[in-house]
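Visitor: pasted the sequence and its predicted model underneath.
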Amino acid sequence: MDDDLLTDDTHYGEDDAIAWLTEAEAAPASPFPAPTAATLAALQVVPSLLETIPALLDVLTRTAAPHALASPYSGPGAAEIWTEPGPAHGREPAVPRQVWEYVEPGWDGGASPEVGFIALAGLLIPAAELGLAGFETLQQHVFNGDFSVSSTPAYYIHNPSPVGLTVQSKSFRFPITAHHPRPLTGTQTFWFDVALEYDGFNVRRVSVTEDSGRSSSLYASTFSIVFSPSPSTAANEPVSGVTYSITGRWNPVGDDQESFSGRFAVDAAGNLTGLQVSSSRQWVRHGALTQSGGGPVPRPTTSTHVTTVHFDPSGSSTLPQDKIRHIYSWYTGLPEVVQTEIRKGTQPIRLFGRASTTGTVQQNQALARKRAEAVAKILRDLAGGGARIDVEVYGELGAGTPDGHEDPAERRVDLECRFEIYQM
């Protein structure tokens, strides 16, 4: 028995002895002393100290001799690996993670006898050919860890889609920076790549991937981000577009979490616009956008195909064979895709019947109508009964001569076909 207990003047009863023995049995023996308040406080700062390791290494490597840093890579290609500096000390290799979850089958279209003509003429399709577009998102890819990214690729295709289009590929890159409030830690930077395949009409494929090799390394903090696609244009617009909404959370160890949000849009003309990322305390922001690759895409322009058929002699509404051949030459001079639309009734031809100012207004209205109908009959013979031929009759109204004047230039029918073409 302890001598201190023998010399203690305190008197212990039987109940006190039993309580002491019970507590002694319940408490497991430990070879280590109980932690003090100072020890607990020291343990709490360990995670934040881990965050400062890259900064400390940076200081050390800047003061070390150049030959003290040995490359972990050797052999062919090592020089190329080190040409793109990393974020920490200029010698980290940048190794983008390439993820291709899906490529739409048959996106390049099929063989068509019109493709060669389209390429030569620069005409791709009239506006009437564009149907409603279909937007689809593809499977999501997720990488978990301290740097967590969730992204869903997408495509936005017109149905039907023109054939013979040139598909271009373009890459965009931007950083998102996250301020770390801990001393010696500094700003963390995370890099993202956007791959866009487009043809001027359709977003063939768009995806967002992270460049984990170039991004900052986290040891205790966490950075998570989600890229979610949605349509940014109406389904019947010639140039389709996709918007990505950005949501995420930045959790620097030892401090409050910071939520952030943003967006950007890509379109079938090869553009990425509207990039923005921000948070309530402005800890999380986007950096400068860079781009590479891509090429010209067809742009819509309006083309008007016109001619005039004159009638001789005065008062005539009959078409001789040379006038019929002239109408045939004008019609077959239209692009084949436009002729196809005319035959389907989706692309109109407009006729304007006119007459000279001799005779009454009523007589000239009737005469101009006969002339226009004679031309319309030839066009329906060429394009079929389903062709849309719009007739407008002016007669002598709007003529450039005074009343009662016979002018052969006014005895005519004007033909017009206006359509949209897409040229490089």
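Guide: Structure's in. What do you need? Numbers count the residues shown, from 1 in each chain.
Visitor: from here on, just use CA atoms for contacts and neighbour counts.
Guide: Noted.
Visitor: quick one: low-confidence ranges for the stretch 1-150 of the chain?
Guide: Per-residue confidence for the stretch 1-150 of the chain (pLDDT under 70) gives these ranges: 1-130, 144.
Visitor: packing partners for the one helix or strand residue 276 maps to?
Guide: Using DSSP states H and E, residue 276 falls within strand 272-279. The helices and strands touching strand 272-279, judged by 3 or more Cα pairs under 8 Å, 6 or more residues apart in numbering; DSSP states H and E, are strand 258-267, strand 284-286.
Visitor: need these in JSON lines (columns: mean neighbour count).
Guide: Formatted as JSON lines, those follow (neighbours: other Cα atoms under 10 Å):
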{"stretch": "strand 258-267", "mean neighbour count": "20"}
{"stretch": "strand 284-286", "mean neighbour count": "20"}
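Visitor: I'd like those as a markdown table, with mean pLDDT and distance to residue 196 appended.
Guide: A markdown table is the format used below for those (pLDDT from 0 to 100; distance: least, Cα to Cα, whole Å):
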| stretch | mean pLDDT | distance to residue 196 |
| --- | --- | --- |
| strand 258-267 | 97 | 8 |
| strand 284-286 | 97 | 20 |
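Visitor: in CSV, list these along with distance to residue 251.
Guide: Shown next, in CSV, are these (distance: least, Cα to Cα, whole Å):
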stretch, distance to residue 251
strand 258-267, 6
strand 284-286, 11
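Visitor: closest one to residue 411 among these?
Guide: Nearest to residue 411, of all these, is strand 258-267, at 49.6 Å by Cα to Cα.
Visitor: got the contact list for that closest one?
Guide: 196, 198, 202-203, 232, 239-251, 271-281, 283-284 (Cα atoms under 8 Å, 6 or more residues apart in numbering).
Visitor: how about the strands in the stretch 101-250 of the chain?
Guide: For the stretch 101-250 of the chain, strands defined by DSSP state E, counting those that start in this stretch occupy the ranges 133-137, 141-143, 147-151, 154-158, 168-178, 188-198, 203-210, 222-231, 241-251.
Visitor: strands of the stretch 251-400 of the chain, start to end?
Guide: 258-267, 272-279, 284-286, 290-293, 299-310, 349-354, 389-395.
Visitor: looking at the ones you listed, which has the lowest confidence?
Guide: Looking over these, mean pLDDT reaches its minimum on strand 299-310, with a mean of 86.
Visitor: picking up where we left off before, can you put the strands of the stretch 101-250 of the chain in CSV and add distance to residue 400 and mean neighbour count?
Guide: Shown next, in CSV, are the strands of the stretch 101-250 of the chain (distance: least, Cα to Cα, whole Å; neighbours: other Cα atoms under 10 Å):
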stretch, distance to residue 400, mean neighbour count
strand 133-137, 47, 17
strand 141-143, 70, 14
strand 147-151, 66, 20
strand 154-158, 47, 26
strand 168-178, 52, 19
strand 188-198, 50, 22
strand 203-210, 51, 25
strand 222-231, 52, 19
strand 241-251, 49, 21
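Visitor: in terms of mean pLDDT, which of those strands ranks lowest?
Guide: Among these, strand 141-143 carries the lowest mean pLDDT (a mean of 76).
Visitor: what's the pLDDT at residue 314?
Guide: Value listed for residue 314 in the pLDDT field: 92.
Visitor: longest helix in this structure, please.
Guide: Secondary structure of the chain per DSSP state H: the longest helix is helix 361-383.
Visitor: output that helix as PDB, nothing but the C-alphas.
Guide: Below are the C-alpha coordinates for helix 361-383, written out as PDB (Å, rounded to 0.1, in the frame of the first residue of the first chain):
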ATOM      1  CA  VAL A 361     -57.100  48.700-116.000                       C
ATOM      2  CA  GLN A 362     -59.500  45.700-115.900                       C
ATOM      3  CA  GLN A 363     -58.400  44.500-119.300                       C
ATOM      4  CA  ASN A 364     -54.700  44.700-118.300                       C
ATOM      5  CA  GLN A 365     -55.300  42.900-115.000                       C
ATOM      6  CA  ALA A 366     -56.900  40.000-116.900                       C
ATOM      7  CA  LEU A 367     -54.100  40.000-119.500                       C
ATOM      8  CA  ALA A 368     -51.400  40.000-116.900                       C
ATOM      9  CA  ARG A 369     -53.000  37.200-115.100                       C
ATOM     10  CA  LYS A 370     -53.100  35.000-118.200                       C
ATOM     11  CA  ARG A 371     -49.400  35.700-118.800                       C
ATOM     12  CA  ALA A 372     -48.500  34.700-115.300                       C
ATOM     13  CA  GLU A 373     -50.600  31.600-115.400                       C
ATOM     14  CA  ALA A 374     -49.000  30.600-118.700                       C
ATOM     15  CA  VAL A 375     -45.600  30.700-117.000                       C
ATOM     16  CA  ALA A 376     -46.900  28.900-113.900                       C
ATOM     17  CA  LYS A 377     -48.100  26.100-116.100                       C
ATOM     18  CA  ILE A 378     -44.700  25.500-117.600                       C
ATOM     19  CA  LEU A 379     -43.100  25.600-114.100                       C
ATOM     20  CA  ARG A 380     -45.600  23.000-112.800                       C
ATOM     21  CA  ASP A 381     -44.800  20.800-115.800                       C
ATOM     22  CA  LEU A 382     -41.100  21.000-114.700                       C
ATOM     23  CA  ALA A 383     -41.500  20.800-110.900                       C
END
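Visitor: direction-wise, compare that helix with strand 299-310 and give the angle.
Guide: Using axes from the mean of the first three to the mean of the last three Cα atoms, to 10 degrees, the inter-axis angle of helix 361-383 relative to strand 299-310 is 120 degrees.
Visitor: identify the residues contacting residue 221.
Guide: 51, 146, 250, 251, 252, 253 are the contacts of residue 221 under Cα under 8 Å, 6+ apart.
Visitor: so which pair among those residues is furthest apart in space?
Guide: 51 and 250 (14.2 Å).
Visitor: burial measure for the nearest residue to residue 372 once chain neighbours are set aside, as a count.
Guide: Of all residues not flanking residue 372 in the chain, residue 353 sits nearest, at 5.0 Å (Cα to Cα, 6 or more residues apart in numbering). Other residues near residue 353 come to 28 when the count uses other Cα atoms under 10 Å.
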